[in-house]
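K.L.:
Sequence plus the predicted model coming up.
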Amino acid sequence: MELLSGRTPIAALVQDPSTPSDLRCRLVEVQEIRNFASQTLKLPENGSYRYYADLGRPYATWNVVAAPEFSLDPKKWCFPIAGCVTYKGFFRQRLAEEFASDLQEQGFDIYLYGVAGYSTLGWFDDPVLNTFLEQPPPSLAGLIFHELAHQRLYVPGDTAFSESFAMTVELLGVEQWLSTRDCGTSFEDYRQAKHREEDFTDLLEQLRDRLSALYDKPLAVTEKRQQKRQLFDEFAQDYQSWKSRWNGYSGYDRWLEEGLNNAKLSSVSTYQHLVPSFRALFEQNQSDFAAFYRDAERLARLSPRDRTRELEKLREIFLAGQLPLSSSTNSPGTL
């Protein structure tokens, strides 16, 4: 109610002479992004992201992810409409911290993080929030494309499907949006950043594989716990080598310094694993967004087992064929 009641039409704010000039410029850009989403990406045409609301805080929500000490399978929470998801969100940071603390006392690995965007999945006209506007233009566009993609297709109870679908639309949409603008080096910067993110995600996947193998071993708890710590220590060394390959890039330092655990690793995988599957599906539909959405909806109607089987086949096609992750470049997934 707080989020929706504070909305003001963006068109009115742009025309209002009392609107600060920097806010007006960002909202004009939002209008262009929003029109591009519907006209070019074939995302829903409705009142979402045509309003603005200032929440007076840095994030819209705070999410809590939890995973057992010796598992990468995150805990699930189930709700009406949204179904089961692998995180629990709060509108107040204090409540999220208290909830995370309780789970941690129960022995779970915990990941708590702020989220700039929030979607009611098309039930209401979601506004642009102040939490969006500090981001650079590609990230701002990506957030709007991602949230509108959830309105286009969302499968209750299948977080991996829903988030990977939205992430794919975000990546494809941002690259197409940048290609229509006179951005100088922005397009190349975006592509380079996505390459780097893909490489970092691959590094995390290697750690996930090693941890999964360890957790499957019939070892005593103390031995398993010791080997888990050792794998995380080895990853720290691998990360330094990775940084050397990327000219000392330090953009992930803070994310890792905050702590790496099963919950954090599982949250990355949720958003990443099936992106290649949807990218292959997009290519199979000749890069036609409307056809791509119809095919994704077909997958959504399958049973969970059949859906997983087909998505994994698509992922293998993508990885084997080394298809580009965008219509014009090799662009990886994102964290």
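P.N.:
Structure received. Numbers count the residues shown, from 1 in each chain.
K.L.:
In the stretch 151-300 of the chain, where is pLDDT below threshold?
P.N.:
Within the stretch 151-300 of the chain, the set of residues satisfying pLDDT under 70 comprises 182-187, 270.
K.L.:
would you list every one of the strands in the stretch 1-150 of the chain?
P.N.:
Ranges of strands in the stretch 1-150 of the chain, per DSSP state E, counting those that start in this stretch, are 8-9, 51-53, 61-67, 77-79, 83-85, 88-90, 109-115, 128-129.
K.L.:
Just put those in JSON lines and tack on distance to residue 28 and mean neighbour count.
P.N.:
(Glycine included, C-beta is placed from N, CA and C.) Conversion of the strands of the stretch 1-150 of the chain to JSON lines gives the following (distance: least, CB to CB, whole Å; neighbours: other CB atoms under 10 Å):
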{"stretch": "strand 8-9", "distance to residue 28": "13", "mean neighbour count": "14"}
{"stretch": "strand 51-53", "distance to residue 28": "12", "mean neighbour count": "21"}
{"stretch": "strand 61-67", "distance to residue 28": "27", "mean neighbour count": "24"}
{"stretch": "strand 77-79", "distance to residue 28": "36", "mean neighbour count": "12"}
{"stretch": "strand 83-85", "distance to residue 28": "34", "mean neighbour count": "16"}
{"stretch": "strand 88-90", "distance to residue 28": "30", "mean neighbour count": "18"}
{"stretch": "strand 109-115", "distance to residue 28": "25", "mean neighbour count": "20"}
{"stretch": "strand 128-129", "distance to residue 28": "12", "mean neighbour count": "25"}
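K.L.:
Give me the buried positions along stretch 21-33.
P.N.:
24, 26, 27, 30, 31, 33 (16 or more other CB atoms under 10 Å).
K.L.:
The fifth one: what's its closest spatial neighbour, skipping adjacent residues?
P.N.:
Spelled out, it's residue 31. residue 10 (6.0 Å; CB to CB, 6 or more residues apart in numbering).
K.L.:
Residue 271 and residue 163 touch, don't they?
P.N.:
Yes. Residue 271 lies in contact with residue 163 (CB atoms under 8 Å); the separation is 4.9 Å.
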